[in-house]
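Trainee: show me the folded form of this:
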Amino acid sequence: MQEDVLLVSAWVNVSMDAIQGADQSRSAYWNRICDFFHANKYFSSDRSQNSLMHRWSTIQECLNTFAGCVSRIENRPQSGANAEDKVKINLFYMLLLEDEKNRTFQFMHCYKYLKDQPKWIDW
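Mentor: Prediction:
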């Protein structure tokens, strides 16, 4: 979980760097994410740039699915339900979905970090 949160943090920080912006190659972009990750880790990890790219891809795919479910639930008219109730309902639906696919949603720690980040909201 520590690796995941740091990777998500690296993605947010590098993505929001106004100086570099979008004028960088994919390799340079991921090299910067890798550098940020290794410069800020406080645990043992020897993940390579390719390993970080693959992990981000896995995290992003799961988070996109989850965020889509959250969005659908938040947009449903639910009388008397606050935001926390809606997330709980969403988790229930996700558990049902996961049970059907025989998978579990393992990135809530990443979702909690990203959900209010402007870059993620835009994404």
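Trainee: burial measure for S45, as a count.
Mentor: 14 (other C-beta atoms under 10 Å). From N, CA and C alone the C-beta is placed, and that goes for glycine too.
Trainee: name the SS class of it, please.
Mentor: What DSSP: H, G, I helix; E, B strand; the rest coil gives for S45 is coil.
Trainee: show me what contacts it?
Mentor: 3, 37-38 (C-beta atoms under 8 Å, 6 or more residues apart in numbering).
Trainee: repeat for S25
Mentor: No contacts exist for S25 under C-beta under 8 Å, 6+ apart.
Trainee: and if you look at F107?
Mentor: Counting by C-beta under 8 Å, 6+ apart, F107 has contacts 4, 59, 62-63, 66.
Trainee: filter the contacts of S45 down to the buried ones, ChimeraX style.
Mentor: ChimeraX command restricting these to the buried ones, with burial defined by 16 or more other C-beta atoms under 10 Å:
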select :3,37
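Trainee: that older thread, farthest-separated two in the contacts of F107?
Mentor: Based on C-beta to C-beta, the longest span within the contacts of F107 runs between D4 and F66 and measures 13.8 Å.
Trainee: run a quick neighbour tally on S9.
Mentor: 18.
Trainee: list the contacts of it.
Mentor: Per C-beta under 8 Å, 6+ apart, neighbours of S9: 36, 40, 113.
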